[in-house]
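> turn this into a structure:
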Amino acid sequence: MPGIVVGVDGSASSSRALEWAAREAALRHAQLTVLVVNPIVVSQWTGTPIRFGADSSAEERAREAAQEAAQKVTSELGDAQPASVTVKVVSGAPAAELIEASRDADLMVVGKRGGGGFASLLIGSVTAQVVNHASSPVAVISA
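Reported below is the predicted structural model:
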C-alpha cells in the first residue's frame, strides 16, 4: 500500500484523520488507502484468527461505511484529489494490522483516540502501538 494509509474505525478521531489524510494525499497527488480493521479474536496458543460466520457481514458493513466516508471527504476536496482512493478491510488485531500496513506506506495516519472506553488516556492504545512500532512515519490527528 504505497502512498498514504489512514486507519479508520468510525470514531470522531478517525473521521478527522481521514479528512487530514485525504487533503495530504491531494496535496502530494499520492495514493490514499483507507484501512478498516475488523477486530476478531485471535487464539492465544496459535496466533490464528478465530473467524465466525458474522465476520464477513461485519466486514461488508465496515467497507460500505468507509467507502461512504471516503467518498464524502474526497468530494469536498474539489479539483484537488488524491491520485487514487482505495478502501481495504482486513480482519485481525487493529494495531498489528496497521503496523503491517505501515511497511509499504509512505505515511501512516491514525486518529488520536479510537472507539475504546478509556477516554482519560492521552492517546489510545492502538495509536500508541502504531506510533512505537510502525515502519513508516506516523501522523496522529487529534479530533
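
> going forward, measure contacts between C-alpha atoms and count neighbours the same way
Noted.

> identify the residues contacting the spatially most central residue of the chain.
Closest residue to the average C-alpha location of the chain: residue 7 at 1.0 Å, with CA atoms, centre = their mean. Neighbouring residues of residue 7 by CA atoms under 8 Å, 6 or more residues apart in numbering: 14, 17-18, 34-37, 98, 108-111.

> just say helix, strand or coil for the closest residue to it other than its chain neighbours.
Among residues not flanking residue 7 along the chain, residue 35 sits closest, at 4.8 Å (CA to CA, 6 or more residues apart in numbering). Here residue 35 takes the strand state, with states given by DSSP: H, G, I helix; E, B strand; the rest coil.

> how about residue 104?
coil.

> and for residue 47?
Taking three-state DSSP, the label given to residue 47 is coil.

> and residue 73, what is it in contact with?
So residue 73 contacts 18-19, 22 (CA under 8 Å, 6+ apart).

> what is the burial count for residue 27?
Residue 27: 13 surrounding residues under other CA atoms under 10 Å.

> re earlier: can you lay out the contacts of residue 73 as CSV showing pLDDT and secondary structure?
Conversion of these to CSV gives the following (pLDDT from 0 to 100; DSSP: H, G, I helix; E, B strand; the rest coil):
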residue, pLDDT, secondary structure
18, 97, helix
19, 97, helix
22, 98, helix
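
> ok so, going back, nearest to residue 124 among the contacts of residue 7?
residue 111 (8.6 Å; CA to CA).

> residues touching the closest one, list them.
So residue 111 contacts 7-8, 13-17, 127, 140-143 (CA under 8 Å, 6+ apart).

> go with 6 Å
Contacts for residue 111 were tallied using CA atoms under 6 Å, 6 or more residues apart in numbering; they are 13-14, 17, 140-141.

> tell me the buried residues in the longest helix along the chain?
Across the chain, the longest stretch assigned as helix under DSSP state H is helix 54-75. Buried residues in helix 54-75, counted by 16 or more other CA atoms under 10 Å: 59, 62-63, 65-67, 69-70, 73-74.
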